[in-house]
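> Sequence and predicted structure are below.
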Amino acid sequence: MNIEFFRSLSNDNQLRWFPRKAFGVELMFILEQLEEQESSKGIDDTWLLIEHNRPQKSTFSLYVNELQTEGVIDIIRSKQKRSRKILRLSKTSKNALIGMKEQFIDSVLNIHF
């Protein structure tokens, strides 16, 4: 990742919510990874995966609620354990992140030395 990727992330209407917190970008990539792995880790387990600038649980909960309200993430029930709620990037966020990564890769491949 470079500064241009971060700036693009900050300017994207859907993904701009993640860089607003010190742990937000890490959370975004954690959520992407958990979905790729088809993980059913709950909200508390997801919080524990944040290694850098992990917030207090209450701060994390408020942030998760904000992201859900803005349509950036979805909170869904686990198929394995109905009482467990899991976090996922919303479809719009996931598509925005995929597009941004593709754009970033294209820009890196087009660098001429």
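Here it is on my side, so go on.
> Is the residue nearest to the spatial centre of the chain in a helix, a strand, or coil?
Nearest to the mean C-alpha position of the chain, by C-alpha atoms, centre = their mean, lies M28 at 1.6 Å. Recorded secondary structure, M28: helix (DSSP: H, G, I helix; E, B strand; the rest coil).
> can you tell me how far it sits from Q80?
24 Å (C-beta to C-beta, to the nearest Å). Placement of C-beta: from N, CA and C, glycine included.
> how about the helices in this structure?
In the chain, the helices defined using DSSP state H lie at 3-11, 24-36, 43-49, 57-69, 91-109.
> Convert the fourth one to PDB, retaining C-alpha atoms only.
Read it as helix 57-69. The C-alpha trace of helix 57-69 is given here as PDB (Å, rounded to 0.1, in the frame of the first residue of the first chain):
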ATOM      1  CA  LYS A  57     -14.700  -2.400  23.500                       C
ATOM      2  CA  SER A  58     -17.200   0.400  24.000                       C
ATOM      3  CA  THR A  59     -15.400   2.500  21.400                       C
ATOM      4  CA  PHE A  60     -15.300  -0.400  19.000                       C
ATOM      5  CA  SER A  61     -19.000  -1.100  19.500                       C
ATOM      6  CA  LEU A  62     -19.900   2.600  18.800                       C
ATOM      7  CA  TYR A  63     -17.800   2.500  15.700                       C
ATOM      8  CA  VAL A  64     -19.300  -0.700  14.500                       C
ATOM      9  CA  ASN A  65     -22.800   0.800  15.000                       C
ATOM     10  CA  GLU A  66     -21.700   3.900  13.000                       C
ATOM     11  CA  LEU A  67     -20.400   1.700  10.100                       C
ATOM     12  CA  GLN A  68     -23.600  -0.300  10.100                       C
ATOM     13  CA  THR A  69     -25.800   2.900  10.100                       C
END
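> got the buried residues for it?
Buried residues in helix 57-69, counting neighbours by 16 or more other C-beta atoms under 10 Å, are found at 60, 63-64, 67.
> for that helix, packing partners?
Helix 57-69 sits against helix 43-49, strand 73-77, with contacts defined as 3 or more C-beta pairs under 8 Å, 6 or more residues apart in numbering; DSSP states H and E.
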